[in-house]
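> Fold the following, please.
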Amino acid sequence: MTGTNSTVRWAILGTGAIASDMVQILKQLPNCEVLAVGSRSVEGAKRFGDRWGIPRQYGSYEEAASDKDVDVCYIATPSLRHPKDCMLAIKNGKAVLCEKSMAPNDTIAKEIFDAAKEANLLVVHGVWSRFFPAMQKVRQVIDSGEIGEVRSARASFCQNDGAGSCSALLETGIYCAQFLQWALEDKAVSGSPIVRGAAKTIHESGNDEHVTAIIEFPSKKIGSFECSLAHCSDRSATIYGSGGVIEIPFPFWCPTTVKVTKMTGLGSQQWSEPELYEFPLPADIVALKTEDSDASIPGFNFCNSQGLAFEAAEVNRCFREGLTESPSFTTAQCIEILRLIKEIGSYA
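Now for the predicted structure:
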C-alpha cells in the first residue's frame, strides 16, 4: 500500500489511438504521472513521447515495463499481444491495466491473474463500462426493486467497421456480455451462467463478424445479445423487470444516460412518466494540446473517451490501497465473461 495521495507513475505500452486518448486522461488526473512509453521502435516511441510530453521513450515494450520507477503499465498494444505484455509487466513487478480483450479465453486470463496474485500485483481488465457512474445507477435501480424482479436483459453492439480484422465477439461482444452479467448476476444465488444458444457468420479471414447469443443466468434470468463488425445497430441495452424497464441508449458501453419506466396494470399497459438520469462526463477532462512542434489539439479518438478517467482513477485508487483487483470488475467476473465468450464462439 502507498500513501492515499502518492503519485502513481505510468508506462504506456503501445502508441495507437486508444493510447493517445488514455495519455490525455492520465495527464489530467491528480497525483498521476505518465513517465514512460514503449513502442516497437525507437522512432515510434520518440514520436509518441514528444507528442504528449512523455520523458522516457523506449524502443521496446520490455524496456518500458522494466523501468524501475514505473508503478502501472497500461497495455495498449495489438490485442493478440495482450497476454504476453500483461505477463511482461507482471514479471517486472508492475500493476496492469490492460485494454480489452486482455485474453482470448478464460484459461489464458486465469494464468495472468494467477501470476499477478502470486506477485501480489493489481491487474484490471479495461472493460471501462464498469466504472461509469451511470452503471452504478443501473445497479442501484435493480437492487432497489424499482422495476420489480429483473427477469431478462438485452444488448446490441453492431458497427460497420473492422469486419475480418479481428473477432466481433472479442471486440464488441465482450461489452454486451459484461452488461448482461452486470444486469443479471445475483451474488446471493449459487450457480454460473450457461450459454443456451448462439449463431455466427464468419468473415473470409476466419474471424467471426456477426454473432448472436442467448445466456441463461441463475434464478431463471435470460440474457441475449448481438454483436457485429459488418453492420450497424442502435448500440443500446435494456433490462426488463416484472414492474418496468431500464433503458441505456447509445452508447451503452460508455453510458451517460439511464431511463427508467415503470409498468403496471392489465397487460402492463399503464406506463409511468419515464425517469431520466443524466451522468455527465468529467467536466475537468479536456482534449490536450500536443507538446511537439505541431502544437495542435487533435481531440479524442473514441466516443466518450473522457470517461476513461473513471477507469484510470479506479486503478490509481486500487494501486494506492494495495488491492489486487477492482471491486467494480473482479477477477472472478472477468474470467466468467471470457468463459462465456469462448463458449459462444465454439457453440456453432
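> Spatially central, which residue of the protein would that be?
Val127 (1.2 Å; C-alpha atoms, centre = their mean).
> Am I right that that one is in contact with Cys176?
No: in this structure, Val127 is not within contact of Cys176 by C-beta atoms under 8 Å, at 11.0 Å. Heads up, the C-betas are built off the backbone N, CA and C, glycines and all.
> Quick one, grab the pLDDT at the residue nearest to Glu247 when sequence neighbours are not counted.
Among residues not flanking Glu247 along the chain, Lys259 sits closest, at 4.3 Å (C-beta to C-beta, 6 or more residues apart in numbering). Here, the pLDDT recorded for Lys259 equals 98.
> Lys259 is in what secondary structure piece?
Using DSSP states H and E, Lys259 sits in strand 257-264.
> next one: Ile25
helix 17-26.
> Work out the sheet partners of whichever helix or strand comes after that helix and label each with its direction, please.
Note on helix 17-26: by DSSP H and E, the next helix or strand toward the C-terminus is strand 32-38. Paired strands of strand 32-38, with direction, are strand 8-13 (parallel), strand 56-58 (parallel) (DSSP bridges).
> Tell me which residues are up against strand 32-38.
By C-beta atoms under 8 Å, 6 or more residues apart in numbering, the surrounding residues in contact with strand 32-38 are 7-15, 19, 23, 26-27, 45, 48-49, 52-65, 67, 69-70, 312, 316.
> Just to check, Glu226 is in contact with Val211?
Yes: with contact defined as C-beta under 8 Å, Glu226 reaches Val211; the gap is 7.2 Å.
> could you show me where the helices are in the stretch 201-348 of the chain, in order?
Assigned by DSSP state H, counting those that start in this stretch, the helices in the stretch 201-348 of the chain fall at 308-320, 331-345.
> Let me have these in JSON lines, extended by mean neighbour count and distance to Gly299.
Converted to JSON lines, the helices of the stretch 201-348 of the chain look like this (neighbours: other C-beta atoms under 10 Å; distance: least, C-beta to C-beta, whole Å):
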{"stretch": "helix 308-320", "mean neighbour count": "22", "distance to Gly299": "14"}
{"stretch": "helix 331-345", "mean neighbour count": "21", "distance to Gly299": "30"}
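> Any idea which of these gets closest to Ser79?
helix 331-345 (13.0 Å; C-beta to C-beta).
> Please look at Ala76 and Ala11 and confirm they touch.
No: here Ala76 lies out of contact with Ala11, judged by C-beta under 8 Å, at a distance of 10.6 Å.
> Point to the helix or strand of this structure where mean pLDDT is at its lowest.
strand 270-271 (a mean of 92; mean pLDDT, DSSP states H and E).
> For Thr212, give me its contacts.
Ala198, Ala199, Lys200, Ser224, Phe225, Glu226, Cys227.
> Can you give me every residue that contacts the fourth one?
In this case it means Ser224. Ser152, Ala153, Arg154, Ala155, Leu180, Thr212, Ala213, Ile214, Ile215.
> Go again with 7 Å.
By C-beta atoms under 7 Å, 6 or more residues apart in numbering, Ser224 lies in contact with Arg154, Ala213, Ile214.
> pLDDT and distance to Ile239 added to these, as JSON lines?
Shown next, in JSON lines, are the contacts of Ser224 (pLDDT from 0 to 100; distance: C-beta to C-beta, whole Å):
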{"residue": "Arg154", "pLDDT": "98", "distance to Ile239": "8"}
{"residue": "Ala213", "pLDDT": "98", "distance to Ile239": "17"}
{"residue": "Ile214", "pLDDT": "98", "distance to Ile239": "16"}
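> Just the buried ones from the residues you listed?
Arg154, Ala213, Ile214 (16 or more other C-beta atoms under 10 Å).
> now the strands for the stretch 151-300 of the chain?
Remark: strands assigned in the stretch 151-300 of the chain by DSSP state E, counting those that start in this stretch are 194-202, 208-217, 221-228, 237-241, 244-248, 257-264, 270-271, 275-278.
> which one of those strands lies closest to Gly345?
strand 208-217 (6.6 Å).
> List the strands paired with that closest one, with their directions.
Partners of strand 208-217, by DSSP bridges, with direction: strand 194-202 (antiparallel), strand 221-228 (antiparallel).
> just to revisit the earlier point, from the contacts of Thr212, list just the buried residues.
Ala198, Lys200, Ser224, Phe225, Glu226, Cys227.
> Widest-spaced pair of the residues you listed?
Lys200 and Ser224 (14.1 Å).
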